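**Student:** Predicted model follows, preceded by the sequence.
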Amino acid sequence: MSVDLATVKRVARLARLAVSEEDAARMTGELNGILGFVEQLDEVDVTGIEPMTSVTPMAMKKRADVVTDGNKADAIVANAPATDRNFFQVPKVVE
């Protein structure tokens, strides 16, 4: 796959980027280089290889799904100027 000048300008317009003619010509070459590298990666045979998140094997850290900081409603509203049954009270604003 290769990118032409019109495609670069179209993508720049979609991305809301102002690109001059010189920059568009330079980006055409750069994008074609990147896509060429991606095409080289397609040539690698990866059958039988599991997807990885890292080059070193590691197990995901897991914790128990429990509530640890509950029952603190009184402490949370302690500094509020006005509360009612552990809810913050705010003045009504009617415009």
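**Tutor:** Everything's here; your move. Numbers count the residues shown, from 1 in each chain.
**Student:** Now tell me what touches the worst-scoring helix or strand of the chain on mean pLDDT from outside.
**Tutor:** Scoring the helices and strands of the chain by mean pLDDT, DSSP states H and E places helix 73-76 at the bottom, with a mean of 88. Here helix 73-76 makes contact (Cβ atoms under 8 Å, 6 or more residues apart in numbering) with Asn86. Backbone N, C-alpha and C define where each C-beta goes, glycine included.
**Student:** ok, then the element right after that helix?
**Tutor:** The C-terminal neighbour of helix 73-76 among helices and strands, as given by DSSP states H and E, is strand 83-84.
**Student:** Any idea how far that next one is from the middle of the chain?
**Tutor:** 39 Å (Cα atoms, centre = their mean, to the nearest Å).
**Student:** Who does it pair with, and is each partner parallel or antiparallel?
**Tutor:** strand 87-88 (antiparallel) (DSSP bridges).
**Student:** Show me where the protein has its helices.
**Tutor:** 5-14, 21-42, 73-76 (DSSP state H).
**Student:** Name the residues of the shortest one that are buried.
**Tutor:** The neighbour-count criterion (16 or more other Cβ atoms under 10 Å) identifies no buried residues in helix 73-76.
**Student:** hmm, back to that, quick one: which of the helices of the chain is nearest Val55?
**Tutor:** For those, the distance to Val55 is smallest for helix 21-42, at 16.1 Å, taking Cβ to Cβ.
**Student:** how about low-confidence regions in this structure?
**Tutor:** Counting by pLDDT under 70, the chain has no low-confidence residues at all.
**Student:** got the contact list for Ser2?
**Tutor:** Shown in contact with Ser2 (Cβ under 8 Å, 6+ apart): 32, 35.
**Student:** Tabulate the CA atom coordinates of the least confident helix or strand of the chain in CSV.
**Tutor:** C-alpha atoms of helix 73-76 as CSV (Å, rounded to 0.1, in the frame of the first residue of the first chain):
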residue,chain,number,x,y,z
ALA,A,73,-20.5,8.7,56.0
ASP,A,74,-20.3,10.6,59.3
ALA,A,75,-16.6,11.4,58.8
ILE,A,76,-17.2,12.5,55.2
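**Student:** Can you get me a residue count around the spatially closest residue to Val77 that is not a sequence neighbour?
**Tutor:** The shortest distance from Val77 to any non-neighbouring residue, by Cβ to Cβ, 6 or more residues apart in numbering, is to Thr83 (4.5 Å). Residues lying near Thr83 (other Cβ atoms under 10 Å) number 15.
**Student:** Before I go, just wanted to say thanks for your time.
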